[in-house]
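Novice: Following is a predicted model, sequence given first.
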Amino acid sequence: MSQVLEPDPAAPSRWIAARRASDVQVTQAITAPLLTSPGRVWWLSLLVSGIISLWFLVAVVWLFDQGIGIWGVNSTIVWGVAIANYVWWIGIGNAGTLISAMLLLTRQKWRGSINRFAEAMTLFAVAIAGLMPIMHLGRPIYAYWLAPYPNTMALWPQWRSALVWDFWAIVSYLLFSILFWYVSLIPDLATMRDRTRSYAGQRFYGALALGWRGSARHWSRLQTLHSTMAALGVPLVCSVHSIVGLDFAASLMPGWQEAIFPPYFVVGAMYSGFAMVVVLALVIRWGFGLQAIITRRHFEVIGRVLLMSSIVMGYSYATEWFMAWYGGEHRERGLVAFEFTGTYAPMYWALLACNVAIPQLLWLPRLRRSLPVLLAIAIAINVGMWLERILIVWNTLSHGYMPSLWRSFHFTFWDWSFLIAPLGLFALLFLVFVRLVPAVSMFDMRELAHEEGVA
Amino acid sequence: MSTTYLAEYRDIERLQIALARVKQTPHQALDAFTPYPVEGLDDELGFRPSHIRTAMLLGGLAVAAVAFGLQWYSATIDYPINSGGRPLNSWQVFLLVPFEVGVFAAALSGVIAFLWSCGLPRLHHPLFDVPGFERATQDHYFLLAAAGNDGASDLRQVLQDAGAVVVTELRAP
């Protein structure tokens, strides 16, 4: 693909790796992939992810037909892959809005290159996460009972239940994220409306752009709205994942009664989400030839955030061990011993390696600046975070207060399906997104180019 | 009826020069159209701050209050359940749901207030008929100005001198 913005490592700007990035060049570089034919790699990826999504559909239909007994869950380990997936996906889903809102509030200029697709990542991940608890219900047809509505049974939801909190948190957060994403998308949709040649495209983008004209009055109000939403979004994100943490912390099982769970879940969410952003950013940068817009510097900064988060995660794990020892409760101590030496010990060690040990490589500037190394670390973090989620479920449930109830979880084919197939659906949604909507915020990039003096 | 002009500029500097000059004349600068948010442009054009944040606060608080009231009513009056000896009005726990829906309601009120105050959605606007206006969302900068009494040709000159690519006179349809 010919590049409008020629990447130049010696560029004067910190966040745009090109000598010049005029309004036209920025617009062309970002819209070109949407207005040209997608190419063979995209179609092939679409085909593969489409097939995997179909596999997901088959798995869901089979689950609804047969019940959750098709998984490895049993009467002791009543939670399994679906719950771990829920926590993992919503963690990734939290990060997009959190990253975008926090970087906006702290006036980090470099957010312009990554906020759009990070927020899209949020939408798709939260949508997938929201399915998981429903699929884990014994009778999913009654999922709507979570909503309060006047009914002939004269029943109300149990407002003290963590499941009800989850319902409201996910629904509010998903809707909020859609609004937050859409508000910052309106000006770029107008650009697409004005650049598209096809009649259908003009209608499509024209309707979605709501008649945006770029008026100074509109810009000023859009910014007021967007920054206020960002200020609301940060506490919302923290509360959403804290509520997920409360699913565990509000119980009485050993290993789950920890006050640190809500903040520790929030940091874990940001951690896995940033790691996912690295993966997606590398794919978009390579696929669309946006080397000048998503620069090596961006990856270095994200590398530092990952390093910092890995240290906080290590601290959180250490707090769990310390509190178990210091609290003196027999079963709590036994649980920590079980984590390190029991049935799932290899996975626990792998978790510590992926989440705490391997990311320490980012201390070395040479490794931090190497994109293949950063990609490998990001994937390791995502694997490690999933292991963390599943082990929080398994360790506690496998090793509760009653030794006669101790059992192990064994993966079935359908557990694997629910682990892998949602990734295909996520990829499918993302592939469609990058073809329909500019993956990088154009007006933010124009503003950045002007501020950096390269426009 | 005064004459209105739309002047097209290649860069923001020229637009700002034109805006400063128009403000020194009896003519009136109405609006500017730019491909990215230009800091301070709304102040220079003399726009008053909007009430979007007030709307967000009110919308958020109202919905949060309704959510809390719903929980309180259902848990204490309509369907009281003794759940492990907890008080029927477990207000600490009942704050979670109002917070979540309140934030969403604030965002939704903000979006509605934003659209309302901007007069959007408005899929068609007379400005879209001006040739070249589609570049306002890409790379060109437009200034909309209305001539004061009998000064139409003078305003055109001012806009032109600041370096306009083209100045279009807008006519009422």
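Specialist: Perfect, thanks for sending it.
Novice: How about the secondary structure of residue A:292?
Specialist: Here residue A:292 is recorded as coil under DSSP: H, G, I helix; E, B strand; the rest coil.
Novice: these two touch, right, it and residue A:17?
Specialist: Yes: with contact defined as C-beta atoms under 8 Å, residue A:292 counts as touching residue A:17 (4.8 Å). All C-beta atoms are positioned from the backbone trio N, CA, C, and that covers glycine.
Novice: Quick check: buried residues in whatever helix or strand residue A:242 lives in?
Specialist: For residue A:242, the element it lies in under DSSP states H and E is helix A:216-249. Within helix A:216-249, the residues that count as buried by 16 or more other C-beta atoms under 10 Å in any protein chain shown are A:216-222, A:224-226, A:228-230, A:232-234, A:236-249.
Novice: Can you identify the element that follows that helix toward the C-terminus?
Specialist: Heading C-terminal from helix A:216-249 (DSSP H and E), you reach helix A:261-288.
Novice: so how far is that next one off the chain centroid?
Specialist: 6 Å (C-alpha atoms, centre = their mean, to the nearest Å).
Novice: Give me the angle between the helix holding residue A:242 and helix A:261-288.
Specialist: 130 degrees (axes from the mean of the first three to the mean of the last three C-alpha atoms, to 10 degrees).
Novice: what helices or strands is helix A:216-249 leaning on?
Specialist: helix A:81-105, helix A:162-183, helix A:186-195, helix A:261-288, strand B:28-33, helix B:41-44, helix B:52-73, helix B:96-118 (3 or more C-beta pairs under 8 Å, 6 or more residues apart in numbering or on different chains; DSSP states H and E).
Novice: repeat that for 7 Å
Specialist: helix A:81-105, helix A:162-183, helix A:261-288, strand B:28-33, helix B:41-44, helix B:52-73, helix B:96-118 (3 or more C-beta pairs under 7 Å, 6 or more residues apart in numbering or on different chains; DSSP states H and E).
Novice: which is the next helix or strand following the third one?
Specialist: Right, helix A:261-288. helix A:296-327.
Novice: hey, C-alpha coordinates of the helix or strand that that following helix is followed by in CSV?
Specialist: Sequence-wise, the next helix or strand downstream of helix A:296-327 (DSSP H and E) is helix A:330-341. What follows is helix A:330-341, C-alpha atoms only, in CSV (Å, rounded to 0.1, in the frame of the first residue of the first chain):
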residue,chain,number,x,y,z
HIS,A,330,-6.3,-22.3,58.5
ARG,A,331,-8.2,-22.7,55.2
GLU,A,332,-6.8,-19.4,53.9
ARG,A,333,-3.3,-20.5,54.4
GLY,A,334,-4.1,-23.9,53.0
LEU,A,335,-5.5,-22.3,49.9
VAL,A,336,-2.2,-20.4,49.3
ALA,A,337,-0.3,-23.7,49.7
PHE,A,338,-2.7,-25.3,47.3
GLU,A,339,-2.2,-22.5,44.7
PHE,A,340,1.5,-23.1,44.7
THR,A,341,1.6,-26.9,45.0
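Novice: Helix A:330-341 - contacts with which helices or strands?
Specialist: The contact analysis (3+ C-beta pairs under 7 Å, 6+ apart) places helix A:330-341 against helix A:296-327, helix A:371-398.
Novice: which residue sits closest to residue A:441 in space, ignoring its chain neighbours?
Specialist: residue A:116 (4.7 Å; C-beta to C-beta, 6 or more residues apart in numbering or on different chains).
Novice: what does residue A:387 give?
Specialist: residue A:351 (4.1 Å).
Novice: The one you found and residue A:382 touch, don't they?
Specialist: No: when contacts are counted by C-beta atoms under 7 Å, residue A:351 is not listed as touching residue A:382 (11.9 Å).
Novice: What is the neighbour count of residue B:114?
Specialist: 24 (other C-beta atoms under 10 Å in any protein chain shown).
Novice: actually residue A:383, sorry about that
Specialist: Residue A:383, neighbours per other C-beta under 10 Å, totals 17.
Novice: wait, what's in contact with it?
Specialist: For residue A:383, the contacting residues are residue A:354, by C-beta atoms under 7 Å, 6 or more residues apart in numbering or on different chains.
Novice: roughly how far apart are it and residue A:274?
Specialist: Computed as C-beta to C-beta, to the nearest Å, the residue A:383 to residue A:274 distance reads 15 Å.
Novice: For the nearest residue to residue A:293 once chain neighbours are set aside, grab phi and psi.
Specialist: Excluding the flanking residues, the one nearest residue A:293 by C-beta to C-beta, 6+ apart is residue A:113, at 5.2 Å. Residue A:113 has phi and psi values of phi -80, psi -20 when expressed as degrees, to the nearest 10.
Novice: Residue A:113 contacts residue A:294, correct?
Specialist: Yes: between residue A:113 and residue A:294 a contact is recorded at 4.9 Å, counting by C-beta under 7 Å.
Novice: Make CSV from the helices and strands packed on helix A:330-341 and add mean pLDDT and distance to residue B:123 to it.
Specialist: As requested, the helices and strands packed on helix A:330-341 are exported to CSV (pLDDT from 0 to 100; distance: least, C-beta to C-beta, whole Å):
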stretch, mean pLDDT, distance to residue B:123
helix A:296-327, 89, 36
helix A:371-398, 90, 42
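Novice: Next, count neighbours for residue A:257.
Specialist: Count around residue A:257 with other C-beta under 10 Å applied: 17.
Novice: Now do the same contact list for it.
Specialist: So residue A:257 contacts residue A:249 (C-beta under 7 Å, 6+ apart).
Novice: With the one 5 residues further on instead?
Specialist: Residue A:262 sits next to A:242, A:245, A:246, A:249 when contact means C-beta under 7 Å, 6+ apart.
Novice: redo that, cut-off 8 Å
Specialist: Residue A:262 is in contact with A:241, A:242, A:243, A:245, A:246, A:249, counting by C-beta atoms under 8 Å, 6 or more residues apart in numbering or on different chains.
Novice: and which of those residues is nearest chain B?
Specialist: Set against chain B, the nearest of the contacts of residue A:262 by C-beta to the nearest C-beta is residue A:243 (6.5 Å).
Novice: The closest one is in contact with residue A:164, isn't it?
Specialist: No: judged on C-beta under 8 Å, residue A:243 makes no contact with residue A:164 at a distance of 10.1 Å.
Novice: Overlap of the contact sets of these two?
Specialist: By C-beta under 8 Å, 6+ apart, no residue touches both residue A:243 and residue A:164.
Novice: so what's residue 104 closest to, chain neighbours aside?
Specialist: All of this refers to chain A. The shortest distance from residue A:104 to any non-neighbouring residue, by C-beta to C-beta, 6+ apart, is to residue A:230 (4.5 Å).
Novice: was after chain B, sorry
Specialist: residue A:172 (4.1 Å).
Novice: so what's the backbone phi/psi at residue B:7?
Specialist: Phi and psi for residue B:7, reported as degrees, to the nearest 10, are phi -110, psi 140.
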